[in-house]
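Enquirer: got a structure for you, letters missing:
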């Protein structure tokens, strides 16, 4: 059974208020099957709707037709907070709240959906940051003073702390230097290979993972197809 | 209450037009372009207040609770309509929840003041209920407009933070808690500030009216204190209830933000 799937999904952005005609079409009758533990690399021209596709999986967008499925169940039937703990979407622009790095990392544990979960201690947080080549960032540092690249790694660490089944990564290395980008990609690979998680990664950049062979897909003109397929 | 009031005859009332003419003269001399607005404002002041005087006279004469409540609801509708007009958000429909919430909240506040504090007999006695209700509505209308405008603008400005928290498992209420807090605070601050200045900068309207009407200043200040506290309570309750009710409409099913 697929872990994540699209079944005849159609999606168009709503038209702006006061304008006539249909909204911009992103997906037209799209199908996709992503097995558990797969590593999908999604490419396509700017504006094709790659980010929108990721947002459909965590129900930040709603398809006009068809179904988005997680473990065979329509995501619309799942409680939104629980769905988003299972399917973690990392925004293209890394976003932090005012406060320390520690406060940002522990943010997911302040929500009702995390009731009963024990927040990790400082040692665990530092180890996680270290695995993302961000071990030099003090936990007490104000998060708003971090560089974009450091914020990106902080956001990935925060997403991993929620122990998701699926990671949706939207251009996660676009603001990183090559060394930091490799650290992020290694973390995504490890999530996939060592923890059995599913990864969908959107990237414009040339991407050469060391340990996994990604399933390449291209989104263009509302059609989602396997790269290299006829 | 009116025994101590000096009557203003119609021709002396017209004499007050001198002030409008003065304002119009300034506009003409300095080319301010306000002549038309001053003229319309003057006519509307006369027309609206004469109409209100006639309606209040009618309501006082009929002395029916249903008529008093109906008039209060019309006033609440007008207040909500005015507040609605100051907010330019098109993506979220909020007119009817706003009207209903304002009418309910301010009805409760007005009944509490007339029934429990002023001890009007009966609680809907129009001479008390309508002026007090009018003050509650007039002052709270501004706070509601400020709070909702802030809610909508902050949900757009901080859309990335709201969305980030949703992605980490927050529900809509948790993800927008900071925005809601800021909006309610913005709605409440003007009425709290006015408590700080009352009696120092000017003699407030209700107290002025009572003193002109011959009331003992010691009673007039008690009424004014009730009015000030009532307005703070009404703006707090109104801003909170309306912000929370309308916040729910800013998210589609599935906790999807509509403003971004």
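Expert: Looks like it arrived, so ask away. Just so it is clear, the model here is predicted, and its values are computed rather than measured.
Enquirer: Which residues are in contact with the most centrally placed residue in chain A?
Expert: Of all residues in chain A, the one closest to the mean position by CA atoms, centre = their mean is residue A:168, 1.9 Å from it. Neighbouring residues of residue A:168 by CB atoms under 8 Å, 6 or more residues apart in numbering or on different chains: A:54, A:57, A:58, A:87, A:88, A:89, A:90, A:200. Every C-beta, even on glycine, is put in place using the N, C-alpha and C of the backbone.
Enquirer: Farthest-apart pair in the residues you listed, please.
Expert: A:57 and A:90 (12.1 Å; CB to CB).
Enquirer: just for chain B, where's the confidence low?
Expert: In the predicted model, chain B carries pLDDT under 70 at residues B:1-4, B:202.
Enquirer: Okay, strands next: where are they in it?
Expert: Under the criterion DSSP state E, strands of chain B are mapped to B:251-252, B:256-257.
Enquirer: and what of chain A?
Expert: Counting by DSSP E, the strands of chain A are A:2-12, A:25-35, A:39-43, A:65-70, A:73-74, A:87-90, A:166-170, A:198-202, A:215-220, A:223-226.
Enquirer: Check the spacing between residue A:126 and chain B real quick.
Expert: Going from residue A:126 to chain B by CB to the nearest CB, to the nearest Å gives 20 Å.
Enquirer: wait, which of the strands of chain B is closest to chain A?
Expert: strand B:256-257 (5.9 Å; CB to the nearest CB).
Enquirer: Nearest residue to residue A:139 in space, please, no chain neighbours.
Expert: For residue A:139, ignoring the flanking residues on the chain, the nearest one in space by CB to CB, 6 or more residues apart in numbering or on different chains is residue A:102 at 4.1 Å.
Enquirer: Now that the one you found has come up, it's in contact with residue A:124, right?
Expert: No: using CB atoms under 8 Å, residue A:102 is not in contact with residue A:124; the gap is 11.3 Å.
Enquirer: Who has more neighbours out of the two?
Expert: Legend: neighbour count by other CB atoms under 10 Å in any protein chain shown for residue A:102 and residue A:124, higher for residue A:102 (17 against 12).
Enquirer: Would you mind listing what in chain A touches chain B?
Expert: A:17, A:58-62, A:76, A:80-82, A:84-85, A:88-91, A:93, A:95, A:97, A:107-108, A:110-114, A:155, A:158-159, A:162 (CB under 8 Å from any CB of the partner chain).
Enquirer: give me every residue that touches residue A:5.
Expert: Each residue near residue A:5 by CB under 8 Å, 6+ apart is listed here: A:31, A:32, A:33, A:34, A:68, A:69, A:72.
Enquirer: Let's see that with 6 Å instead.
Expert: A:33, A:69 (CB atoms under 6 Å, 6 or more residues apart in numbering or on different chains).
Enquirer: Would you mind measuring from residue A:142 to residue B:223?
Expert: 50 Å (CB to CB, to the nearest Å).
Enquirer: neighbour-wise, which of the two wins?
Expert: Remark: of residue A:142 and residue B:223, residue B:223 carries more neighbours, 18 against 14, as counted by other CB under 10 Å.
Enquirer: so what's the residue nearest to the centre of chain A bridging to?
Expert: Residues in a beta bridge with residue A:168, per DSSP bridges, are residue A:89, residue A:200.
Enquirer: which ones are touching residue A:85?
Expert: Residues near residue A:85 by CB under 6 Å, 6+ apart: A:113, A:162, B:169.
Enquirer: Can you check those residues and name whichever has the most neighbours?
Expert: Of these, with other CB under 10 Å as the count, residue B:169 tops at 27 neighbours.
Enquirer: Surely it and residue A:80 touch.
Expert: No: using CB atoms under 6 Å as the test, residue B:169 is too far from residue A:80 to be in contact (8.9 Å).
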